[in-house]
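Engineer: Fold the following for me, if possible:
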Amino acid sequence: MSIVYLPHAPSSVSLARRSLNNDLLSWGVSEGVVDDAAVILSELLSNALRHARPLPGDEGGIKISWIRVGDTVELAVTDGGAATEPRKGEPALSSLGGRGLGIVEILSQSWGVRRDDQGSTVWAHLHAPSRYAFENSEDRGAETGAPVQNLRQVTR
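Structural biologist: Numbers count the residues shown, from 1 in each chain. Coordinates of the predicted model:
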C-alpha cells in the first residue's frame, strides 16, 4: 500500500501520477493498466482540487493512496469534503468540463465515495492482473481493462 500526502495544488497531479506509475510498474502491473490507473487518479485528484476543501489541519493537503489486492488496485483520494456529493455529470457536448467521473466509470470496475469526520474519499477499483501472469500463460490473448458492462452503459 502506498499513501502520499500532497499539497492542495494543481502541481500535485503530476507528482501523484509519477509515484503511482513507479509503484504499479514495480508491482508487475501491465503498462496499459498503469496508464488507465494514471488517468483515473488524475481525474479523482483534479476533482478534489476543484470541488473540495483541503484536509483539516496545519498542512491542509490531500491524501492519495493505492493498494493492490489480488488482481485489483484501489485508488483513493481523500479531501476535506465539499458541499455536494461527487457524482457523474451529464455535460452538454459543448461543455468544457463535467466528464471526469464518467471517464473513471469507464476505466474502472467500480467507484464510490466514503465519508467520515475528516472529509470524503473517492475511490475506484481497477482490474490489474500481473503482466507476468500473461507472459507465462498459454492464453496470451486475455483482455484486461474496463468490464464490458461499463462500456455498454456509455454507448446507450
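Engineer: number of nearby residues for Ala83?
Structural biologist: Neighbour count for Ala83, taken as other Cβ atoms under 10 Å: 7. Just so you know, the C-beta spots here come from the backbone N, C-alpha and C atoms, and that holds for glycine as well.
Engineer: In contact with it, which residues?
Structural biologist: When contacts are counted by Cβ atoms under 8 Å, 6 or more residues apart in numbering, Ala83 touches no other residue.
Engineer: Distance-wise, check it relative to Ser110.
Structural biologist: Between Ala83 and Ser110 the computed distance is 25 Å (Cβ to Cβ, to the nearest Å).
Engineer: Kindly report the same for Asp36.
Structural biologist: Relative to Ser110, and taking Cβ to Cβ, Asp36 is found at 14 Å.
Engineer: What of His8?
Structural biologist: Using Cβ to Cβ, one obtains 26 Å as the distance from His8 to Ser110.
Engineer: Equivalent analysis for Arg18, please.
Structural biologist: From Arg18 across to Ser110, the span is 25 Å (Cβ to Cβ).
Engineer: Look at the two and report which has more neighbours.
Structural biologist: Under the criterion of other Cβ under 10 Å, the comparison of Arg18 against Ser110 puts Ser110 first, with 14 against 11.
Engineer: who's that one bridged to?
Structural biologist: When assigned by DSSP bridges, Ser110 has beta-bridge partners His125.
Engineer: Need the pLDDT of it.
Structural biologist: pLDDT, Ser110: 95.
Engineer: next one: Gly57
Structural biologist: At Gly57 the predicted local distance difference test score is 84.
Engineer: Walking through this structure, point out its helices one by one.
Structural biologist: In order along the chain, the chain carries the following helices (DSSP state H): 12-26, 31-51, 100-107, 131-135, 148-155.
Engineer: Just send those helices back as TSV, with mean pLDDT and distance to Ile64 too.
Structural biologist: Rendered in TSV, the data for these read as follows (pLDDT from 0 to 100; distance: least, Cβ to Cβ, whole Å):
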stretch	mean pLDDT	distance to Ile64
helix 12-26	96	5
helix 31-51	94	6
helix 100-107	86	14
helix 131-135	59	23
helix 148-155	39	23
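Engineer: and of the ones you listed, who's closest to Arg114?
Structural biologist: helix 31-51 (12.7 Å; Cβ to Cβ).
Engineer: Show me what the closest one is packed against.
Structural biologist: The elements that helix 31-51 packs onto, with contact taken as 3 or more Cβ pairs under 8 Å, 6 or more residues apart in numbering; DSSP states H and E, are helix 12-26, strand 62-69, strand 72-79, helix 100-107, strand 120-127.
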